[in-house]
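> with the sequence up front, the predicted model follows.
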Amino acid sequence: MHMLLVISAGLILLGVFALFGKLWGGDAAGIALAARYFVPVWLLVALTNMWVGVTKAGYGVSEELPILLVVFAVPAAIAGFAAWLLLKS
């Protein structure tokens, strides 16, 4: 359940980045740039989530690593696909 919440938060954060990209860039290229900026920020958030899981919740790194990969990959892949689609058009 927590993993789904974190992925959902990532998608919401991607939406916020896209909104600011639209507001500041004014076109599809601005949204695509914002989606590309989202990926390293999301990596830091996902790593922080893993750190909390290891230090506070008592999980091992080997238990948290697959969760980190999924939590990071889903929103990052959607951001990459969206940036590709926006730049393609």
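On my side now, so go ahead.

> give me the average confidence score over stretch 35-55.
Mean pLDDT, computed over stretch 35-55, is 96.

> and the contacts of that stretch?
Outside of stretch 35-55, the residues within contact range by C-beta atoms under 8 Å, 6 or more residues apart in numbering are 6, 9-10, 13-14, 17-18, 21, 59-61, 63-65, 67-68, 71-72, 75-76, 79-80, 82-83, 86. The way it works is simple: take the backbone N, C-alpha and C, and place the C-beta from them, glycine included.

> which among those residues count as buried?
Among the contacts of stretch 35-55, those classed as buried by 16 or more other C-beta atoms under 10 Å are 6, 10, 13-14, 17-18, 21, 64, 67-68, 71-72, 75-76, 79-80, 82-83, 86.

> so of those, which ones are in helices?
Using DSSP state H, the members of the buried ones among the contacts of stretch 35-55 that fall in helices are 6, 10, 13-14, 17-18, 21, 64, 67-68, 71-72, 75-76, 79-80, 82-83, 86.

> tell me the spacing between the residue nearest to residue 82 when sequence neighbours are not counted and residue 86.
Nearest residue to residue 82 in three dimensions, chain neighbours excluded: residue 35, at 5.2 Å (C-beta to C-beta, 6 or more residues apart in numbering). Using C-beta to C-beta, to the nearest Å, we find residue 35 at a distance of 7 Å from residue 86.

> before we move on, what about residue 34?
10 Å.

> what's the answer for residue 56, then?
Counting by C-beta to C-beta - residue 56 and residue 86 are separated by 38 Å.
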